[in-house]
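In: Next comes the sequence, and after it the predicted model I'd like to discuss.
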Amino acid sequence: MEHQFILSCESTVDLPYSYMASRDIPVLEYLYTMGGQEYADDMGRDPHAMQNFYERLASGIMSKTSQISAYRYKEFFDRLLQQGDVLHIAFGSGMTQSVSNAWAAAEELRAEYPDRKLVVIDSLCSSSGYGLLVDSAADLRDEGRSLEETESWVMEHRQRVHHQFFSTDLTHFRRSGRVSGPAATLGAILNICPIMRLDDQGRIYAYDKVRGKRKAIQTTVDIMEQHAVGGRDYADKCFLCHSNCPEIAEMARAAVAERFPHIKGDIRVCDIGTIIAGHCGPGTVAVFFYGDVRAPQE
């Protein structure tokens, strides 16, 4: 299919590489380091990568991530600009400042390609919520919308992608220093699950805590009903992802499907990729949908 422009993104969309390829969306990979060795966030191309990643985490090896450099962005954009105009939707600045490097690279390349358009958008989103925004932009591109029309839609809707998630395992939060040792131990004893979301700037914050995964799922679905477009009649896409806890993810998927019978298509369930899983560890489940404008932190 001929498109008016190239739509691109980064690997933290947490959708399978095969899916992104099928949608003709070039992806720039983040890199991470474990045990002194560098790996690519390969989005499921290596079927053993995620299992090996979690085994290393369980053994106490921490994952370290870094920003994408302006040099790598420039190489990536240069290849795309040789083919046409580019709209790049970047990983949210609430998670990383990589987008600043993307803007710097784009500024340099505009002088080298004066007849091309290169637009870089801060998604203000993360994980498969970021993926949901990019997927919707691809729908507009495929409908024949222009780069400018798609850019305008993304800017209008990026703060309407809700990210609701919870964690059933605080072990990695303790190891990474995000939760104190005593708090993590008490949380494990009491079966506490923090309930989290992204604010209007794409930053994570915990705003509630409940006991048990079933209560966490119920709370997540209740919050979705409060904020989703149309409430229980929500009829747009819904994505869900998890970090090495497929059974809990399936429970959450079933609960969302039951509460919202008009969701557009199937609820897409994906793995949280190695970059974001390196920060949250196993046991996290997230649900993404379109709703009202995300609120700032309270």
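Out: Nice, thanks for sending it over. Numbers count the residues shown, from 1 in each chain.

In: Give me the residues contacting stretch 13-25.
Out: Residues from elsewhere that reach stretch 13-25 (Cβ atoms under 8 Å, 6 or more residues apart in numbering): 1, 3, 7-9, 27, 42-45, 127-128, 130-131, 134-135, 138, 239, 241, 268, 270-273, 276. Every residue, glycine included, has its C-beta placed from N, CA and C.

In: Buried subset of those as a PyMOL selection?
Out: Filtering the contacts of stretch 13-25 down to the buried ones (16 or more other Cβ atoms under 10 Å) takes a single PyMOL command:
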select buried, resi 7+8+9+27+43+44+127+128+130+131+134+135+138+239+241+268+270+271+272+273+276
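
In: Narrow the contacts of stretch 13-25 to those in strands?
Out: Using DSSP state E, the members of those that fall in strands are 7-9, 27, 239, 241, 268, 270-271.

In: can you give me the strands in the stretch 101-250 of the chain?
Out: In the stretch 101-250 of the chain, the strands defined using DSSP state E, counting those that start in this stretch lie at 118-122, 161-167, 192-198, 204-211, 238-242.

In: Now render these as a markdown table, adding distance to residue 222 and mean pLDDT.
Out: Shown next, in a markdown table, are the strands of the stretch 101-250 of the chain (distance: least, Cβ to Cβ, whole Å; pLDDT from 0 to 100):
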| stretch | distance to residue 222 | mean pLDDT |
| --- | --- | --- |
| strand 118-122 | 30 | 98 |
| strand 161-167 | 10 | 96 |
| strand 192-198 | 10 | 90 |
| strand 204-211 | 11 | 90 |
| strand 238-242 | 15 | 98 |
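
In: Of these, which stretch is the most buried?
Out: Highest mean neighbour count of the strands of the stretch 101-250 of the chain: strand 161-167, a mean of 26 (counted as mean count of other Cβ atoms under 10 Å).

In: Could you list the residues in contact with it?
Out: 125-127, 129-130, 132-133, 173, 193-198, 210, 213, 216-217, 219-220, 223-224, 227-228, 280-281, 283-291, 294.

In: what are the pairing partners of it, and which direction each?
Out: Here strand 161-167 has these sheet partners by DSSP bridges: strand 192-198 (antiparallel), strand 284-290 (antiparallel).

In: okay, these in TSV with distance to residue 117 next?
Out: Formatted as TSV, the strands paired with strand 161-167 follow (distance: least, Cβ to Cβ, whole Å):
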stretch	distance to residue 117
strand 192-198	29
strand 284-290	27
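
In: Can you say which of these is nearest to residue 153?
Out: strand 284-290 (11.7 Å; Cβ to Cβ).

In: Extract the C-alpha set from the closest one and format it as CSV.
Out: Provided in CSV are the C-alpha atoms of strand 284-290 (Å, rounded to 0.1, in the frame of the first residue of the first chain):
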residue,chain,number,x,y,z
THR,A,284,2.7,-6.0,36.4
VAL,A,285,-0.5,-5.8,34.4
ALA,A,286,-1.6,-2.7,32.4
VAL,A,287,-4.7,-1.8,30.5
PHE,A,288,-4.8,1.0,27.9
PHE,A,289,-7.8,2.8,26.4
TYR,A,290,-9.1,6.2,25.2
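
In: what's the spacing between that strand and its chain's center?
Out: Here the centre of strand 284-290 is set off from its chain's centre by 9 Å, with Cα atoms, centre = their mean, to the nearest Å.

In: I'd like the average pLDDT over it.
Out: Averaging pLDDT along strand 284-290 yields 97.

In: which ones are touching residue 202?
Out: For residue 202, the contact set (Cβ under 8 Å, 6+ apart) comprises 92-95, 122-126.
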